[in-house]
Structure formats: structure tokens, C-alpha cells
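1. sharing a model that was predicted from the sequence below.
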Amino acid sequence: MQFDLIVIGSGPGGYKAAINAAHLGAKVALIERDLPGGTCLNQGCIPKKTLLHMASLIASVNELEGRGLVGHVSGDFKAAMVQKDAVVKGIRDSFPIWLKRLGVRIFRGEARFVDRQRVRISLTEPLADTTVATLELQAPRIIIATGSTPRELPACPTDGRVVVNSRDFLFKLDYLPRSVLCVGGGAIGVEFGFLLHQFGAKVRIVEQGDRLLYRSSMPDRACSALERKLSRLGIEVCNNLNVISTKVEENGIEVEFSNCERARYDYVLVAVGRQPQTQGLGLEEIGVDVNAEGFIVTSEYLETSVAGIYAVGDVKHSPMSSPMTANAALYDGKVAATNAIRGNELHANYFKVPFVIHSALEMASVGLSEDQAEDAGFAEEVARSSLGGSGKARACHDFEGFTEVVHDAETGQLLGGCIVGPEAGEQIHMLSAALQSKLGLWFFKDMSYSHPSWCEELETTIDSCTSAFSKSDKIIFRPGILAGTE
Ligand SMILES: Cc1cc2nc3c(=O)[nH]c(=O)nc-3n(C[C@H](O)[C@H](O)[C@H](O)COP(=O)(O)OP(=O)(O)OC[C@H]3O[C@@H](n4cnc5c(N)ncnc54)[C@H](O)[C@@H]3O)c2cc1C
Ligand SMILES: NC(=O)c1ccc[n+]([C@@H]2O[C@H](COP(=O)([O-])OP(=O)(O)OC[C@H]3O[C@@H](n4cnc5c(N)ncnc54)[C@H](O)[C@@H]3O)[C@@H](O)[C@H]2O)c1
């Protein structure tokens, strides 16, 4: 069968690429060997957010106990897991209908390259009116969007039952363990640790680095604020600590740590990063280069070492190193599909892609951090304000957090920022939109905000710095690090 574009993998990177290419008029095939929607829908963002939403509600309601609300709320973990399954199934069921409506042809099965323009599918769902087990598709352009799987830690081999990764947790856990060790204080450790604690588990997070979210671009200040909040809630956070060994016994898991301490837990969640999913694709045979860790190497156009073959999302490594998040994959999907159909015209630029963590505090960052701005040669300046003075925060009795905005001191050009506090993941779009439009501080000064609101905190933050930048004709956007996708 002949197509204009074949996409392998139906996670955020794959489905966004397929949709975008279809919008551009291409005849698109999308191949998926497992559950439609990929990691994000089935074992990542959506099930996790369903549980985290409840965990945050528990925290918010209990904060107001005795301040106008009566009674203490607690969670029913088993019921929450059932609700999570229902949410995921609802989205998954509508997924193929939605794609078909856009004209994308979906194939269920495992894909493998035959050559640089042909892919063979070992079908797991037969095609209508046939009994064929394999099928060959051909296209001049192919996008690899096969995602990633959890990285194993030799000191903590998972058994899928009591020593688990996030996939096992979300698919199989049907009771609330009393005590949980989260190995890795990254995105999964801080989000799952918080939600388990809110439902009533005793949680310890161990991180080998010297701060939480050690491998992320989240500023130190935000990570310290999160650590303080988690500790105050009663979650034990141990940085600079490693697991040396684990032994599964009848009455729990005996864990030995790098400081010689030993402790016993009911459940161990291993979340120490992810590895690319490329086995069985036949990349070597067709000459697609991967790096030492197995990630597919791409150019700034997201094209691999083979012309016409692109890679997006978690499976790839690009020169502008990107976070392994669904929104980065969605962004990739748009860039790669456009380049595949129209010719290479878009550069991937991850400074526009926000990174958001939903834990005891919501935290979001976008653009350049203070250090990155300095490294990029800007005369950077940071404006900050804490939530303590916000009317909305006082009214909601939720005033832990801050907003910081990084800008060029000479021009007022916005370079990036970080927001910690309620709805940070929504508020960050204000900064993203301004970065995307190459706007500066004057933009936030000129606009009008609803009151009381979280977003008006942005104006408070920049108030002290804006007088010098109130005329937009003073602003000259500097080409360079932020000038990617044009
Ligand atoms: C627990 C957890 C929580 C997360 N929460 C968030 C969050 O809140 N926000 C956020 O932005 N990101 C989050 N992420 C990250 C996000 O899920 C991933 O970055 C995103 O799913 C990557 O998308 P992708 O399209 O690259 O790959 P995936 O979503 O992994 O999809 C790849 C697909 O390719 C298929 N595939 C693989 N090989 C083949 C083959 N040979 N043939 C056919 N199909 C194949 C797989 O079955 C899979 O469905 C989370 C991740 C985890 C694990
Ligand atoms: N909100 C979000 O966007 C979100 C949420 C969850 C997951 N994700 C994505 O999923 C991916 C996987 O998440 P993750 O938390 O597994 O990875 P991660 O890379 O975010 O964090 C892994 C952490 O484990 C630590 N670590 C590594 N080896 C260790 C050891 N032996 N002992 C103790 N700590 C160790 C690392 O220093 C790191 O801080 C990430 O790339 C993340 O971007 C994103």
C-alpha cells in the first residue's frame, strides 16, 4: 500500500504528526502495536493526572478544615484507580474515531523497516475482509515515534508486583501499600510520591543527585520550595542517596542504601528515567544512527541520518536537547510532519516548550533559566515576587510559590520564566505566548488582568523593572538561541 507518510507509534509525537500531515493534505498511515495513545494516554500523563487531581483536592480541602469547611477528607485509593481506568478508556475509545475522521489510516501491529521507504507490519488486528498476518506499506517519508520504556536499575530489579515501574503501578496496583519507597526524585518520583502520600501511604523519596528533579531544567529555587513542602507534609526526601540492593521477602522489601542504612517497605517504585524504544525496528540495517544510549540522532529539522526518515518524541535525541514530555513530543510531531510534507522548513526549538510538574506544588518553567540566559550571552536580569502578597492566594489560603521572569536587561526582551503555585501549568502559557511572539516585559505591563487572579501576579513581578521598557519600539529581538522555529 502506498502513502505519502508513514508514522510508527501512536503516542503524542506520532498522533500529532499524523494529524498535522493529514491537515497538510497528505495520505497518512499510523501504525501502533499496543494501546492507541502511547505512554501518555495509557501509562503516563492522563492516568497520573486523574489520580493527582484527587490528591490535590484532598490537600486543598484539608487545608481549609476549620476555616469554613468542616471535616477531613480522605481518599479511597482503590476507587480512584477504577476511576482512572474509566477516564483512560473513555479517551482511548474515541481515539481511532477521531483520527479516522481526519483521514488517517490506522494499522494495529508491530512495524519494522524493510528498506528506507518500506515498512512491514506484523498485524495484531486483522484488516477487514482478509486473513493476512503481515502487510507492507510504502512512503517517501517516514516518522519514527516509538517512544520510551522505563529504565531498569540493577540494584532494584522490578518484579511487576512489589518492586515496580510506573507502568506496573498504573496498570496493576489495586490496593494502597502502607509504606512506599520511590527510587528517583525526578518527575515520576515527586508526582507519584505526593499522590501516594495524599491517599495515606508513608512515602520516602531517594534521589542520587543533590536536589529533586536533578536532571530537569527546573530552577533550584523551585526544587527547594517543592522539597520543603513535601517534607512539611510528612514525605521523607533524601538527596545524595542511592539504593545498593533490594531483597523481596514475605513481609516486605528489605532495602540497603548507600549510607549503609537498611529499611523495609511494602512497595518500591523505581523511576530513574527512561530508555528509547527502538528494538526490532531494523534501524541498523537502513543506516539510522543512534547515540551511545540508543536514542535516534536527529538534526534540528528532526530528520535522522537517513534523508526522509524523521524521529520525534522520547525516542530521539536532537541537537537542542529536549525534555521527554508529552508536550515536547506533540511539538515535535508538528515540526516533523511539516518538514516531511513541505520540505525542511522548521527548526525544533524547545525553549518554547513548557515543562510542568504536578506535585505538592505545581511548578512550570519555559524559555531560558537565569544560568542558560547568561551562557547564551544575554545581560540577563530576573524579576521575582512571592505569592504571599497575592489577594487571590490569600483568599484561597494557598500562598506558597513565586513567579520569576528572566529578561534581557538591555532591551526588556523576555527570555524565560518559572512559576510555582496554583495553576502554574496554566499560567505558564502567558509566558509561552509572549516568548513565541518575541514580546518583552512591556507586554505584561500593558495588558489588563482580571482580579483577583493568579495571572495578575505576573504584573506584580515585573512592576519594578518595567519603567525602562515601556515602549515597544525600543525592543530589538536578538537572533540566536531563541530564534528557532520561524
Ligand atoms: C508516569 C508518567 C507520567 C508522565 N506524565 C507526563 C505529564 O504529565 N506531562 C507530560 O508532558 N509528559 C508526561 N510524561 C511523559 C510522556 O508520557 C512522554 O514523554 C510521551 O508519551 C512521549 O510520547 P511519544 O509519542 O514519544 O512516545 P509514546 O507515548 O511512548 O508512544 C510510542 C508508541 O509507539 C508504539 N510503538 C513502539 N514501537 C513500535 C513498533 N515497532 N511498531 C508499532 N508501534 C510501536 C508504542 O506501543 C507506543 O504506543 C509522563 C510519562 C510517564 C511514564
Ligand atoms: N510532568 C511531566 O512532564 C512528567 C511527569 C512524569 C514523567 N515525565 C517524564 O518521564 C520521564 C521519566 O521520569 P522519571 O522520573 O523516571 O525520570 P527523570 O529523569 O525525571 O528522573 C529520574 C531521577 O532519578 C534519579 N536517579 C537515577 N538513578 C538513581 C539511583 N540509582 N538512585 C536514586 N536516584 C536515581 C536521577 O538523578 C533523576 O533525578 C522523564 O523524562 C520525565 O520528563 C514527565
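-> Ah, there it is. Ligands and ions are numbered 1, 2, ... in the order given.
2. only C-alpha atoms from now on, for both contacts and neighbour counts.
-> Noted.
3. could you tell me which residues of the stretch 1-150 of the chain lie near ligand 1?
-> Contact residues of the stretch 1-150 of the chain with respect to ligand 1, defined by Cα under 6 Å from any ligand atom, are listed as 8-14, 31-40, 43-45, 109-112, 145-148.
4. may I see the PyMOL selection of the buried members of those residues?
-> Under the burial definition 16 or more other Cα atoms under 10 Å, those of these that qualify are selected in PyMOL by:
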select buried, resi 8+9+10+11+12+13+14+31+32+33+36+37+38+39+40+43+44+109+110+111+112+145+146+147+148
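5. doesn't residue 181 lie inside a helix?
-> No: assigned with DSSP: H, G, I helix; E, B strand; the rest coil, residue 181 falls outside any helix and is strand.
6. nearest residue to the middle of this protein?
-> Central residue of the chain (Cα atoms, centre = their mean): residue 325, 2.8 Å from the mean position.
7. just checking, that one touches residue 314?
-> Yes: the pair formed by residue 325 and residue 314 meets the contact definition of Cα atoms under 8 Å, at 7.3 Å.
8. bridged to residue 416, which residues?
-> Partner residues in beta bridges with residue 416, using DSSP bridges, are residue 367, residue 406.
9. now do the SS call for residue 191.
-> For residue 191, the secondary-structure state derived from three-state DSSP is helix.
10. name the nearest residue to it, ignoring sequence neighbours.
-> Counting by Cα to Cα, 6 or more residues apart in numbering, residue 359 is the residue found nearest to residue 191 once chain neighbours are left out, at 4.7 Å.
11. do you have the helices of the stretch 301-450 of the chain handy? List them.
-> Counting by DSSP state H, counting those that start in this stretch, the segments of the stretch 301-450 of the chain that form helices are 326-342, 370-375, 391-396, 424-436, 441-446.
12. and those: which comes nearest residue 102?
-> Go through the helices of the stretch 301-450 of the chain one by one with Cα to Cα and the one that ends up closest to residue 102 is helix 326-342, at 14.8 Å.
13. can you give me the buried ones in that closest one?
-> For helix 326-342, a neighbour-count test (16+ other Cα under 10 Å) marks 326-341 as buried.
14. of these, which are in range of ligand 2?
-> Near ligand 2, taking Cα under 6 Å from any ligand atom as the test, no member of the buried residues of helix 326-342 is found.
15. show me which pair in the residues you listed is furthest apart.
-> Of all pairs drawn from the buried residues of helix 326-342, the one with the largest separation by Cα to Cα is 326 and 341; the distance is 22.3 Å.
16. how far out from the middle of the chain is the worst-scoring helix or strand of the chain on mean pLDDT?
-> Among the helices and strands of the chain, helix 441-446 carries the lowest confidence by mean pLDDT, DSSP states H and E, at a mean of 84. In terms of Cα atoms, centre = their mean, to the nearest Å, the centre of helix 441-446 is found 29 Å from the chain centre.
17. also stretch 369-378?
-> So, by Cα atoms, centre = their mean, the centroid of stretch 369-378 is 23 Å from its chain's centroid.
18. contacts for that stretch, please.
-> With Cα atoms under 8 Å, 6 or more residues apart in numbering as the test, stretch 369-378 has contacts from 217, 219, 379, 380, 381, 382, 406, 408, 415, 416, 417, 481.
19. what parts of the chain come near ligand 2?
-> 183-189, 206-209, 213-215, 242-243, 271-274, 323-325, 355-357.
20. can you do 5 Å?
-> 184-188, 207-209, 213-214, 242, 271-273, 324-325, 357 (Cα under 5 Å from any ligand atom).
21. filter those down to the ones in strands?
-> The strands, defined by DSSP state E, take in residue 357 from those.
22. so which of the residues of the chain next to ligand 2 are in helices?
-> Judged by DSSP state H, the residues of the chain next to ligand 2 include 187, 188 as members of helices.
23. that older thread, hmm, the residue nearest to residue 191 is touching residue 197, no?
-> No: with contacts counted by Cα under 8 Å, residue 359 stays clear of residue 197, the gap being 10.8 Å.
24. could you check how far residue 133 is from residue 173?
-> 34 Å (Cα to Cα, to the nearest Å).
25. buried sites along the least confident helix or strand of the chain?
-> Of the residues in helix 441-446, those buried (16+ other Cα under 10 Å) are 441, 442, 443, 444, 445.
26. and if you look at stretch 229-243?
-> Across stretch 229-243, burial judged by 16+ other Cα under 10 Å covers 229, 230, 235, 236, 237, 238, 239, 241, 242, 243.
27. dump those residues to a markdown table, plus pLDDT.
-> Written out in a markdown table, the entries for the buried residues of stretch 229-243 read as follows (pLDDT from 0 to 100):
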| residue | pLDDT |
| --- | --- |
| 229 | 96 |
| 230 | 97 |
| 235 | 98 |
| 236 | 98 |
| 237 | 98 |
| 238 | 98 |
| 239 | 98 |
| 241 | 97 |
| 242 | 96 |
| 243 | 97 |
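28. for residue 65, name its beta-bridge partners.
-> residue 69.
29. nope, residue 118 is what I was after
-> In this structure, residue 118 has the following beta-bridge partners (DSSP bridges): residue 115, residue 138.
30. give me the neighbour count for it.
-> Using other Cα atoms under 10 Å, residue 118 has 19 neighbouring residues.
31. do you know how far it is from ligand 2?
-> In this structure, residue 118 and ligand 2 are 31 Å apart, going by Cα to the nearest ligand atom, to the nearest Å.
32. do you know the pLDDT at that residue?
-> The predicted local confidence for residue 118 comes out at a pLDDT of 98.
33. what about it, distance to residue 229?
-> For residue 118, the distance to residue 229 under the criterion Cα to Cα works out to 52 Å.
34. again with residue 288
-> Using Cα to Cα, we find residue 288 at a distance of 45 Å from residue 229.
35. the buried residues of stretch 229-243: which two are farthest apart?
-> Maximum pairwise distance in the buried residues of stretch 229-243, criterion Cα to Cα, is 23.9 Å, between 229 and 243.
36. can I get the helix or strand containing residue 19 as PDB, trimmed to CA atoms?
-> Residue 19 is located in helix 12-23, with elements delineated by DSSP states H and E. Coordinates of each C-alpha in helix 12-23 appear next as PDB, following Å, rounded to 0.1, in the frame of the first residue of the first chain:
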ATOM      1  CA  PRO A  12       1.600  12.200  21.400                       C
ATOM      2  CA  GLY A  13       4.600  12.500  18.900                       C
ATOM      3  CA  GLY A  14       3.000  10.000  16.400                       C
ATOM      4  CA  TYR A  15      -0.600  11.100  16.500                       C
ATOM      5  CA  LYS A  16       0.300  14.800  16.300                       C
ATOM      6  CA  ALA A  17       2.500  14.200  13.300                       C
ATOM      7  CA  ALA A  18      -0.200  12.100  11.700                       C
ATOM      8  CA  ILE A  19      -2.900  14.800  12.200                       C
ATOM      9  CA  ASN A  20      -0.600  17.600  11.100                       C
ATOM     10  CA  ALA A  21       0.300  15.800   7.900                       C
ATOM     11  CA  ALA A  22      -3.300  15.000   7.200                       C
ATOM     12  CA  HIS A  23      -4.200  18.700   7.700                       C
END
